[in-house]
Every structure is written in structure tokens, then in C-alpha cells.
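> build me a model:
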Amino acid sequence: MVIRRRVHRIRRRPKRFTRGMRQTLFLFLVFVFLLFLALGIRIYTLNRDNGDAYKKQVFSQQSYTNKVLSFRRGAIKDRNGTILAQSVRKFNLILEPRTILADAEVKAETLAKIAQYFAFDTSNIEKILAERPKSMYQHVDGLKELTRKQISEFQEEMKKNKKIQGVWFEEIFTREYPLDTIGANVIGFTSSENQGTYGVEGSYNDKLNGKNGREYGYFDANMDFQRTVKKAVNGNSVVLTLDANVQRIVEQQIKKYNRDVGAKNIGVLIMNPKNGEILAMASQNNYNLNEPRDLSLMYTQEEIAGMDEETTTKNLMEMWSNFCIAHDFEPGSTYKPFTVAAALDEGTVKDSDSFMCTGVKNVAGTEIHCAVRSGHNVVSLQKSLMESCNSALMKIGEDLGRAKFSKYNKIFGFGQRTGIDLPGESAGLIHTEEELNPVELATSSFGQTQTVTMVQMAAGFSSLINGGNYYQPHIVKEIQNENGAVVENTEPIVVKRTVSESASRLIRKYMKATVEEGTAKPAQVKGYSIGGKTGTAEKRPVTDEKYLVSFIGCVPAEDPQAVVYVIIDEPNVEDQAHSTYATEYASKIMKRIFPFLGIYSDAEETPAPSAEGGQPAENDPEPEDGKPAEGAPTEEE
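Below is the predicted model:
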């Protein structure tokens with residue numbers, strides 16, 4: 001029997017993933033995804049936290065340059081072009097340790113020449129090379145801010161001696177103040193990062209600063225050096241309204257008064273009433289701009305040694321502040337012309353009016369005395385200012401009324417910042433209309449119980465005697481680019497009208513009479529027509545018997561070209577309550593500054609200022625000695 005085998009053809013069917021296999025694959029893919037996610041997060045955090053450090057490590061292994069090209073901060077000049085602040089080109093010596101350490105002969109020769117040309121102990125360089133062997137950029141303490149003269153011979157040696165390698169000079173600019181202390185509180189100073197602090201340096205920081213450039217360079221695959229330069233943009237220069245000659249004279253006179261007499265503080269402000277330009281501004285708070293943290297001009301070494309950190313900081317801030325704009329005080333009788341001008345324009349008083357002064361006035365049950373306790377008897381409106389009669393001013397203030405008095409307080413700018421282009425201005429403190437009760441109205445009318453700043457008084461007084469135009473005071477005249485071209489002018493800004501031309505004309509007349517025949521006689525300067533008003537303000541508390549004496553005036557009286565405001569806070573004398581101290585002092589200042597302001601007496605035919613080319617004259621004779629005294633002025637010169 002034949003047995004036939006049936007051969008079955010076996011068909012292979014594709015394998016199917018079981019449920020278990022699918023789960024395993026899924027878990028594997030999730031694991032890979034999470035692994036890459038974790039890696040990505042790690043890369044991100046490393047780049048975020050240490051990216052710059054890793055970049056530097058990579059770049060340090062390459063031949064490249066990446067230099068900052070510093071901008072030059074603009075200069076600050078006075079109105080005549082005298083440099084008050086400037087940025088001077090200096091150089092920092094930069095080491096490339098990796099280049100120097102690549103060859104023993106290079107290292108030896110380079111360090112030897114640095115020691116030779118700079119008289120420098122290279123042990124500090126050895127330390128840098130040991131600590132940063134891979135670096136391509138290292139400063140060296142003691143080899144910073146070098147002058148062109150200091151580095152020129154070394155650079156010549158580098159050209160000849162090819163074994164000097166791994167050294168180059170980084171160009172920087174340092175701030176210098178050629179006149180040291182002149183205008184310190186107006187100019188301000190800068191930090192090492194070119195940031196202005198106080199004064200014009202602070203308020204005009206953005207104008208003075210430019211933008212840094214950068215130089216990129218590297219060796220390509222063919223060892224050709226490729227360079228890209230983005231040039232620095234230099235800052236603009238600022239031209240001030242200040243006159244350095246006048247400023248120097250004022251500061252010299254402040255020092256002299258303190259040496260001869262002394263005072264808690266002295267302030268002097270000189271302003272052009274026709275446009276609001278500040279011509280000089282100074283006080284006792286003075287310092288050397290090149291060493292702004294040196295307190296030695298204000299305090300003895302013993303006093304400085306005894307200061308703790310908090311006291312030192314407080315005293316530095318006080319020294320840096322500008323007294324003429326930051327400090328407020330009760331003005332005293334220099335305020336009286338404002339009260340009279342307001343009453344004239346409101347029609348509550350006329351030029352022909354007269355007043356009775358018995359020496360005391362009862363106001364709402366309070367007795368308020370005149371400076372002359374026995375009284376002035378009958379005084380005209382003009383004589384009320386000439387003789388500085390409190391009783392007459394109280395009557396004028398009473399008739400004006402608190403609503404109108406308050407209105408004119410604001411019109412004249414009291415209790416408000418003037419907007420001068422300097423930082424740190426104070427607003428002062430005046431009574432509101434509701435606070436002007438009879439006693440407050442009476443005392444405010446002659447300049448007590450309200451506080452003002454020097455710049456407020458000068459700006460307001462300028463409007464009183466210039467026809468009624470209130471100009472915003474300003475310290476900057478124009479902005480120039482690095483080539484000297486004017487890119488921005490400061491035009492005079494008439495903010496408002498304060499009084500009428502007729503009231504202004506009468507105030508000028510009264511002020512001239514006050515200097516010629518009244519309490520301001522000691523302010524006279526031979527050959528000049530001067531108008532002005534004295535002030536003697538009793539400070540709080542009155543039991544201390546401390547006074548601030550002052551004088552505010554203008555020249556020529558008929559058509560004023562300059563306003564001069566002087567205050568002496570607590571003169572170091574037994575009896576402080578005499579404005580003579582301020583008027584005599586103002587006279588000494590005025591006769592020295594007028595030629596520099598282009599204001600000459602009738603007797604002068606040829607102007608002859610002692611400084612040339614706008615530079616302060618350091619060899620002027622020392623002003624006369626002499627303590628202020630009461631009484632009629634003494635003819636000098």
C-alpha cells in the first residue's frame with residue numbers, strides 16, 4: 001500500500017504585538033523623552049546661570065580681541081569757554097597671561113621691561129599669571145590711568161622688541177576739574193561709571209554721556225586677522241551761564257569773611273534779571289571736585305577722625321548740597337518790596353500815601369514791634385521801604401487782605417520750586433490763605449514766619465525790577481557737540497507776569513533811594529547807581545537771639561543788568577541784628593565783579609579786568625581786611 005504524505009504548506013503569519021510588548025515600548029519612549037527633556041532643562045539652566053563663564057572659558061582658548069571703546073564724556077564750560085570739567089584720555093595696562101606664559105623668554109623679557117619703564121614691582125604680575133594662566137584680559141593694580149607720556153616710551157620699545165608680548169593698553173577717560181573748588185556745588189562730580197552726581201553733572205548726565213563702542217577681532221582659518229569696529233559716540237558739552245571769574249571772586253570773598261569774622265553760613269547769588277541766567281552761585285559748603293569725599297575744607301582733621309560712618313555720610317551730603325537752592329529760611333525785610341508791589345497793583349496803596357509808625361502795632365491782641373522801637377512817626381510809601389518800617393508794612397498787608405496777599409505769594413513763586421535746571425531744589429514754606437490770620441498776615445508782610453530759598457527771592461526780585469517779567473532761572477546756556485557746534489540753545493522763558501510796568505518803575509525808584517539815603521547805604525559802590533533792600537530776620541526760637549542778615553540789590557538801578565543777593569546766616573559777632581554786615585559785604589563783592597559782568601562806572605573809560613582769555617585771575621590782590629561795622633559806608637578806593 002502506497003502511503004502518500006500530504007504536505008501542508010505552512011503560511012507564516014506576521015507577529016502581532018501583544019499588550020505587554022506595547023506597554024514596554026511605550027514606557028521606553030517615555031523614558032527617552034524624559035531623558036531628552038531633562039537634558040534640555042539642564043542645558044538651559046547651565047546656560048542661564050553659567051553661560052557667560054563657559055563662554056569666557058571657550059573664548060580664552062581662541063585668538064581674538066573684544067575691546068570696549070570708551071566714549072568721552074562732554075566738557076562743562078563757563079559762559080566764556082573756561083573749562084570747568086573735562087574727560088582726559090588715560091590708559092590701563094592690560095595683560096594676556098596665556099600669551100605671556102606661552103614662552104619663557106617672552107615672559108622674562110616682558111616682565112623685565114614693565115619693571116624698567118614703569119618702575120613697577122612685578123611680583124603682583126607674577127601672582128596674576130599664576131592665578132589666571134589662561135586669561136587674555138587682566139588689569140594690574142598700580143598700572144591704571146596712565147598718561148600718554150607714561151606709556152609712549154614703552155610702546156616704542158614694544159615695536160622694536162618682539163619678545164615683549166601679551167601687553168596692550170586700554171584707552172579710558174577720567175574726569176578732571178581744572179579749577180578744583182570753583183563752582184563745586186553748581187558743577188557736581190561723577191562716579192567711576194560716568195554717572196553724574198549732584199549739580200550739572202547730575203542734571204545733565206544724559207547730555208554729557210555718549211555711547212561706548214566696541215572692537216571685535218579674530219584670526220580666521222587662514223590666520224588672517226579679521227576686525228570689526230563700532231565707533232564710540234562721544235558726549236555733548238554743556239556751556240553754563242556761570243562766569244568763572246565772578247564765581248571765583250565770590251568764593252574768595254566768602255573765604256575771607258569766614259577768616260575775618262565767621263558765620264554759620266554765607267550765600268551769594270548773582271542773576272541776570274533780563275533772562276534768568278545765573279552768573280554766580282556759592283556758599284560756605286565747598287569742596288575740591290577732584291576729591292569730592294575729602295571733608296578737610298569744611299572740618300578739621302580731629303573732627304573728621306571723630307566722625308562715625310553715619311555722621312560722615314550726613315556731612316558729605318550737606319557739603320555737596322547747593323545752599324542757594326536747597327536751603328530755605330525766613331527772608332526778613334528783603335520781602336517788603338514784594339508786599340508793596342502787590343498793593344500798588346491791587347490799588348490798595350498809592351505812591352502818595354503815608355503811614356504813622358509809633359514803634360508798635362497791636363494786631364488781634366498781639367503787640368508787634370517795629371525795628372525802631374520809638375517809631376518812625378509819619379513815613380511815605382517810599383520811606384516805608386527806605387527806613388524798613390514794619391508798622392507801615394503791617395498796615396499795607398492788612399489793607400491788601402489775606403486773599404490777595406496769598407495770591408501774590410504764589411504769583412511771585414514762593415512756596416513753589418522755580419524749576420531751575422539743578423537737582424535738589426527746595427520749595428520753601430508759605431502760609432495758605434486760610435492760615436493767614438491777622439498776626440500771620442502782619443508778620444508775613446515784612447518777611448517773617450514764611451520761608452523762601454535764595455533762588456526764589458532772586459527770580460521774584462528780578463521780576464519786580466525788570467518790568468514784571470518772571471524768567472525761569474537757569475544755569476545752562478547751550479549744548480555743544482564734540483566739534484563745538486551748538487546743538488541746543490536755552491532760550492529765556494518768561495513764565496508769567498508778576499507786576500505792572502508802573503509798579504516796577506516805582507520799586508526801582510524806591511530801591512535806589514534805599515541805597516542812596518536809607519538802610520542800605522553801606523551797599524553803595526562809588527561810581528555806580530545801585531538799588532536794593534536790606535533784611536534782618538530773627539530766627540526761631542526768638543529766645544536764642546540769632547539772626548540772618550541779607551541784602552538784595554540791582555545795578556544799574558534805572559535799568560538793572562544784574563541782581564545781587566547776599567545772606568549771612570548768624571554772623572559770628574556779639575550783636576547779629578544789623579543788616580550792615582550784609583550790605584558792606586555785598587559792596588565789596590559788587591565792586592570786584594562789575595567789570596567782569598561788563599558793568600562799568602561813569603568814571604571808567606577803559607575796562608580792565610585782571611583775567612585774560614576768560615581764565616580766573618589767581619594773582620589779584622587780596623581784598624581789604626576789616627570787620628563789618630554799623631553806620632555810614634566808608635569810601636574805599
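> CA atoms only for the helix or strand where K314 lies, dumped as CSV, please.
Assigned by DSSP states H and E, K314 belongs to helix 309-320. C-alpha atoms of helix 309-320 as CSV (Å, rounded to 0.1, in the frame of the first residue of the first chain):
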residue,chain,number,x,y,z
GLU,A,309,30.0,106.4,59.2
GLU,A,310,26.5,107.9,59.6
THR,A,311,27.9,111.3,60.6
THR,A,312,30.4,111.2,57.7
THR,A,313,27.7,110.5,55.2
LYS,A,314,25.5,113.2,56.6
ASN,A,315,28.3,115.8,56.4
LEU,A,316,29.2,114.7,52.9
MET,A,317,25.7,115.2,51.7
GLU,A,318,25.5,118.6,53.3
MET,A,319,28.8,119.6,51.8
TRP,A,320,27.7,118.5,48.3
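> output the below-cut-off pLDDT ranges for the stretch 301-450 of the chain.
Residue ranges of the stretch 301-450 of the chain with pLDDT under 70: none are present.
> helices of that one, start to end?
301-305, 309-320, 323-326, 336-346, 381-386, 390-400, 402-411, 438-445 (DSSP state H, counting those that start in this stretch).
> what's around E170, how many residues?
16 (other CB atoms under 10 Å). Where you see a C-beta, it was placed from the backbone N, CA and C, and this is true even at glycine.
> contacts only, for S463.
S463 is in contact with P273, F412, N469, Y470, Y471, T498, V499, S504, counting by CB atoms under 8 Å, 6 or more residues apart in numbering.
> what about the fifth one, neighbour count?
Each residue near Y471 was counted by other CB under 10 Å, and the total is 22.
> now for the spatially closest residue to G199 that is not a sequence neighbour: which residues touch it?
Using CB to CB, 6 or more residues apart in numbering and skipping the chain neighbours, the partner closest in space to G199 is G188 (2.5 Å). By CB under 8 Å, 6+ apart, the contact list for G188 reads G196, T197, Y198, G199, V200, E201, G202, S203, W320.
> pull out the buried members of the residues you listed.
G196, Y198, G199, V200, E201, G202, S203, W320 (16 or more other CB atoms under 10 Å).
> any idea how far T490 is from the first one?
Distance, G196 to T490, by CB to CB, to the nearest Å: 18 Å.
> now do K144
Remark: distance between K144 and T490 (CB to CB) = 37 Å.
> if you count what's nearby, which of the two comes out ahead?
When neighbours are counted by other CB under 10 Å, K144 and T490 differ, and T490 comes out ahead with 18 against 15.
> just to check, that one is in contact with V476?
Yes - with contact defined as CB atoms under 8 Å, T490 counts as touching V476 (5.4 Å).
> mutual contacts of the two, please.
What both T490 and V476 touch, as defined by CB under 8 Å, 6+ apart, is the set D421.
> now do the strands in the stretch 401-550 of the chain.
Taking DSSP state E, counting those that start in this stretch to define them, one finds strands in the stretch 401-550 of the chain at 469-471, 476-480, 486-489, 494-497, 531-538, 547-555.
> which elements pack onto the second one?
For strand 476-480, the elements it packs on are strand 237-240, strand 486-489, judged by 3 or more CB pairs under 8 Å, 6 or more residues apart in numbering; DSSP states H and E.
> show me what counts as buried in that strand.
V476, K477, E478, I479, Q480.
> and those residues as a markdown table, adding pLDDT and distance to L381?
As requested, these are exported to a markdown table (pLDDT from 0 to 100; distance: CB to CB, whole Å):
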| residue | pLDDT | distance to L381 |
| --- | --- | --- |
| V476 | 98 | 40 |
| K477 | 98 | 39 |
| E478 | 98 | 43 |
| I479 | 98 | 46 |
| Q480 | 98 | 49 |
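> widest-spaced pair of those residues?
Comparing every pair within the buried residues of strand 476-480 by CB to CB identifies V476 and Q480 as the most remote, at 11.0 Å.
> which neighbours do those two have in common?
Common neighbours of V476 and Q480, using CB under 8 Å, 6+ apart, are V238, V239.
> ok so, going back, dump the helices of the stretch 301-450 of the chain into CSV; add distance to E517 as well.
Listed next are these as CSV, based on distance: least, CB to CB, whole Å:
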stretch, distance to E517
helix 301-305, 46
helix 309-320, 40
helix 323-326, 30
helix 336-346, 16
helix 381-386, 6
helix 390-400, 17
helix 402-411, 27
helix 438-445, 23
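> so for P423, which of those sits nearest?
Proximity to P423, assessed across the helices of the stretch 301-450 of the chain by CB to CB, is greatest for helix 323-326 (8.8 Å).
> who are the packing partners of the closest one?
strand 263-271, strand 278-283, helix 454-465.
> dump these into TSV; add mean pLDDT and distance to T348 as well.
Formatted as TSV, the helices and strands packed on helix 323-326 follow (pLDDT from 0 to 100; distance: least, CB to CB, whole Å):
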stretch	mean pLDDT	distance to T348
strand 263-271	97	29
strand 278-283	98	34
helix 454-465	98	17
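> neighbours of G347, just the number please.
For G347, the number of neighbouring residues by other CB under 10 Å comes to 8.
> what do you get for E126?
12.
> state the distance from it to K134.
16 Å.
> can you check V573 too?
On the measure of CB to CB, V573 and K134 end up 71 Å apart.
> then K264?
In terms of CB to CB, K264 sits 61 Å off from K134.
> CA atoms only: put stretch 338-349 into CSV for me.
Provided in CSV are the C-alpha atoms of stretch 338-349 (Å, rounded to 0.1, in the frame of the first residue of the first chain):
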residue,chain,number,x,y,z
PHE,A,338,7.0,142.3,47.2
THR,A,339,4.3,143.3,49.6
VAL,A,340,4.4,147.0,48.4
ALA,A,341,4.4,146.0,44.7
ALA,A,342,1.3,143.7,45.2
ALA,A,343,-0.5,146.6,47.0
LEU,A,344,0.4,149.0,44.2
ASP,A,345,-1.0,146.8,41.5
GLU,A,346,-4.2,146.0,43.6
GLY,A,347,-4.8,149.7,44.2
THR,A,348,-4.8,149.3,48.0
VAL,A,349,-1.9,151.8,48.3
